[in-house]
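**Q** Next one to model:
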Amino acid sequence: MNIQEVDQILVIPIQKEDDIIIARSTARELTQLMQFKPTNQARILTAVSELARNIYRYAGDGHIQFQLIEKHIKKGIKITAIDSGPGIQNIHQAMEQGFTTSGRLGAGLPGVKKMMDEFFIESCPGIGTTVNVAKWEIR
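**A** Residues are numbered from 1 along each chain as shown. Presented below is the predicted three-dimensional model:
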């Protein structure tokens, strides 16, 4: 794959609830800088909020990484959510719309997958979870 990393990785620690707002604000600044369409900005901000909230709620400690990327005539943003929490016991079940362990809506990870162009999740019970997503925009 011919993907060029445009900038260094920007890391936002997620340890308290206010960090979710910082991650979302960072996503807003980056998507505006890259001139993403407003609908794609909203999708990215929503995905970042959900990923950061999952770190805070289920792991208690982790971080969100932002990286600006380019591929041919497309520009994009790669977002990686990493935690060292309990991990996800059953990823397939967690990816089902409506599944929840918290009594909430259960739209989280499936919603993130729908909003983004790329989605990859890896989790090891007792070690943690990593979610990689990307959103592309034609230049």
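
**Q** C-alpha from now on. contacts and neighbour counts both.
**A** Noted.

**Q** Quickly note the distance from the spatially closest residue to residue 9 that is not a sequence neighbour to residue 8.
**A** Counting by Cα to Cα, 6 or more residues apart in numbering, the nearest residue to residue 9 once its immediate chain neighbours are dropped is residue 67, at 4.9 Å. Relative to residue 8, residue 67 is positioned 6 Å away (Cα to Cα, to the nearest Å).

**Q** These two - which one has more neighbours?
**A** Summary of the neighbour comparison: residue 67 and residue 8, criterion other Cα atoms under 10 Å, with residue 67 having more neighbours (18 against 11).

**Q** Quickly list what that one is bridged to.
**A** For residue 67, the beta-bridge assignment (DSSP bridges) gives partners residue 78.

**Q** any idea how far it is from residue 12?
**A** Applying Cα to Cα, one obtains 12 Å for the distance of residue 67 from residue 12.

**Q** again, but for residue 50
**A** Counting by Cα to Cα, the gap from residue 50 to residue 12 is 14 Å.

**Q** how about the strands in the protein?
**A** Secondary structure of the chain (DSSP state E): strands at 4-5, 10-14, 62-71, 74-83, 118-124, 128-138.
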